[in-house]
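Visitor: Turn this into a model:
(one chain, ligands or ions: 1)
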Amino acid sequence: MTDRQPLVAANWKMNGARASVAALLGGLRQGLLENGAEVLVCPAFIHIPLAAELLAGSSIGLGAQTLAEYGNGAYTGEISAAMLNDYGCRYVIIGHSERRHILGETDATVARKFRQAQEHGLQVILCLGERLEEREAGITEQVLSEQLDAVINVAGTDCFHGAVIAYEPVWAIGTGRTATPEQAQAAHSFIRLQVARHDDCVAAALRIVYGGSVKADNAAALFAMADVDGGLIGGASLNIDDFLAICRVAR
Ligand code: PGA
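Guide: Below is the predicted model:
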């Protein structure tokens, strides 16, 4: 076993309104007992100021779901790393499959965003994962190493120091079809080995969380695997009882 602190991160995606954000955060502050796991919420950009205000003084972390690949300047509609810092975000999710596959982010975009975040001291949660047809074609490991290499080539071999990787098989996201604990473990240990090829110590300390239809009733089995260091939770993070139950099992 390792001493990696488990992380449970809520990815609220493009959901919520001021009232529901306040209700979720109120429930979380009230229901969350210190249990050794780090807990983090990633609201939509527009809810970040409200979330920062409501989380003041708590141990619950705040993150964004993406950021601009550029620094401040003439990029209409974008949100920069500096702006996220200014509002107290410590984390940012990068390369989520919805951004890759619906919004057209390439490996190169993901890598530039990664570098931008790190240059501004944000902790990255880098999402990786294969699509169903890639798993069925037996090229899961190839896809994962290509996604990793794209970032390493731009951000450097020590870029995962202090970062988090989220293994999120695309076929498991929002589908109710979770990877089995064994499938998750196999992918996580492969990712850790790839990072270890560059730096053993960084790989050993790297938190690799699983995402894709994590629910209160399957979280314990997933989190029990040796290389699964917590979860990135979508749908179930919008229900306070479900999310608290998942946080509780991530000790
Ligand atoms: P899900 O989403 O838990 O709803 O499958 C996970 C994610 O997209 O991060």
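
Visitor: Mind pulling up the pLDDT for residue 2?
Guide: Predicted confidence (pLDDT) at residue 2: the value is 59.

Visitor: Contact residues of this structure facing the ligand?
Guide: 11, 168, 173-174, 211-214, 232-236 (C-beta under 6 Å from any ligand atom). (Glycine included, C-beta is placed from N, CA and C.)

Visitor: quick one: which of these is nearest to the ligand?
Guide: Nearest to the ligand among the residues of the chain next to the ligand: residue 234, at 2.2 Å, using C-beta to the nearest ligand atom.

Visitor: List the contacts of the closest residue to the closest one other than its chain neighbours.
Guide: Distance criterion C-beta to C-beta, 6 or more residues apart in numbering; nearest residue to residue 234, sequence neighbours excluded, is residue 11 at 5.1 Å. Shown here is residue 11, whose contacts under the criterion C-beta atoms under 8 Å, 6 or more residues apart in numbering are 42, 65, 93, 96, 211, 232-234, 237.

Visitor: do that again at 7 Å, thanks
Guide: Neighbouring residues of residue 11 by C-beta atoms under 7 Å, 6 or more residues apart in numbering: 42, 65, 93, 232-234, 237.

Visitor: just for the stretch 1-150 of the chain, where's the confidence low?
Guide: 1-2 (pLDDT under 70).

Visitor: Check whether the residue of the chain most remote from its centre sits in a helix, strand or coil.
Guide: Here the chain reaches farthest from its C-alpha mean at residue 74, the gap being 28.1 Å by C-alpha atoms, centre = their mean. When classified by DSSP: H, G, I helix; E, B strand; the rest coil, residue 74 comes out as coil.

Visitor: This structure: helices as residue ranges?
Guide: Secondary structure of the chain, counting by DSSP state H: helices at 18-31, 48-55, 81-86, 97-101, 107-119, 132-136, 140-155, 181-196, 200-205, 219-223, 240-249.

Visitor: any chance of these in TSV, with mean neighbour count too?
Guide: As requested, the helices of the chain are exported to TSV (neighbours: other C-beta atoms under 10 Å):
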stretch	mean neighbour count
helix 18-31	15
helix 48-55	18
helix 81-86	18
helix 97-101	18
helix 107-119	21
helix 132-136	14
helix 140-155	18
helix 181-196	19
helix 200-205	14
helix 219-223	21
helix 240-249	20
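
Visitor: Could you say which one of these comes nearest to residue 69?
Guide: Among the helices of the chain, the nearest to residue 69 by C-beta to C-beta is helix 107-119 (4.0 Å).

Visitor: now that closest one against helix 140-155, angle please.
Guide: Interaxial angle of helix 107-119 relative to helix 140-155 (axes from the mean of the first three to the mean of the last three C-alpha atoms, to 10 degrees): 50 degrees.

Visitor: which secondary structure elements does helix 107-119 contact?
Guide: Packing partners of helix 107-119 (3 or more C-beta pairs under 7 Å, 6 or more residues apart in numbering; DSSP states H and E): strand 91-94, strand 123-128, helix 140-155.
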